[in-house]
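K.L.:
How does the following fold in three dimensions:
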Amino acid sequence: MALQLRSWPRSSGTRVSWALEELGVPYEYILVDREKQEQRSPQYLAINPHGKIPALVDGEQTYFESAAILLHLGHNYGVAKRLWPAASDPGRADALCWTVWGTTELGNYMMQYLYHGLDSPVSYKAEDRSPAAAEYNHRQFVRCLDALEARLDARRQVLGDFSLVDVATASWLLFGTMLGIALDGHPRVADWTKRCSERAAFKRAR
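P.N.:
Residues are numbered from 1 along each chain as shown. Predicted coordinates for the structure are as follows:
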């Protein structure tokens, strides 16, 4: 049975479809109709009880949260494709940590800065924004970029060779730069992000 990914375009599900394209794993993309609120249906909530995108079905197992899905795909499909370190590989620890960091740190601070500090399609209305929140989250986001810039000093990719860790982290910055996030002062991060955007699997992802 092929994997089933329930998602919609330009969402957190895009990084999952990117990962699946990189892995070359057969999967069915099931478009969730946001206008019909299908993500709130009992059928969808049985897979993702939070009513958010994405959701993955792999046989009898169901997954939600893009980071958790990427970890599952890495462990179960990525090792054979050399896109995820084996359990015995010392790099497995880095893979786990940088993947989780991409969501809990990099992506989180970037999105909060977008909400409060920029004019974009996802930003809050001007009267609902907090300058203090914008300043704090921008400072933390830059700290994340500094760490990533240092990480890429001796590597072309986060682990050295391209892996699902790059999907987990670069996907946030690809979304952010599309909405006005600047990578000024972080040339290695900017170059790496561009190289990731040029991958055929990313261009195929929905």
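
K.L.:
from here on, contacts and neighbour counts on C-alpha atoms
P.N.:
Noted.

K.L.:
Pull up the distance across stretch 102-119, start to finish.
P.N.:
Start-to-end span of stretch 102-119 (C-alpha to C-alpha, to the nearest Å) is 23 Å.

K.L.:
Return the set of buried residues in that stretch.
P.N.:
Neighbour counts over stretch 102-119 (16 or more other C-alpha atoms under 10 Å) mark 102-103, 106-118 as buried.

K.L.:
Inside helices: which ones of the residues you listed?
P.N.:
108-117 (DSSP state H).

K.L.:
Please list the residues outside the helix-or-strand element of the chain with minimal mean pLDDT that contact it.
P.N.:
Of all helical and strand segments in the chain, the minimum by mean pLDDT, DSSP states H and E falls on helix 42-45, at a mean of 93. Residues from elsewhere that reach helix 42-45 (C-alpha atoms under 8 Å, 6 or more residues apart in numbering): 38-39, 51.

K.L.:
Return the member of the buried residues of stretch 102-119 nearest to residue 5.
P.N.:
The closest of these to residue 5 turns out to be residue 103 (C-alpha to C-alpha; 19.2 Å).

K.L.:
give me the number of residues near the nearest residue to residue 58 once chain neighbours are set aside?
P.N.:
Spatial nearest neighbour of residue 58, excluding adjacent residues (C-alpha to C-alpha, 6 or more residues apart in numbering): residue 3 at 4.9 Å. Residues near residue 3, counting by other C-alpha atoms under 10 Å, number 16.

K.L.:
cool, and residue 99?
P.N.:
Neighbours of residue 99 using other C-alpha under 10 Å come to 21.

K.L.:
re the thing from before, would you check that the residue nearest to residue 58 makes contact with residue 61?
P.N.:
No. Applying C-alpha atoms under 8 Å, one finds residue 3 not in contact with residue 61, separated by 10.0 Å.

K.L.:
give me phi/psi at the residue nearest to residue 58?
P.N.:
phi -70, psi 150 (degrees, to the nearest 10).

K.L.:
ditto for the one 4 residues further on
P.N.:
When read as degrees, to the nearest 10, the backbone of residue 7 gives phi -160, psi -180.

K.L.:
which residues of the protein fall in strands?
P.N.:
3-7, 27-31, 55-58, 61-64 (DSSP state E).
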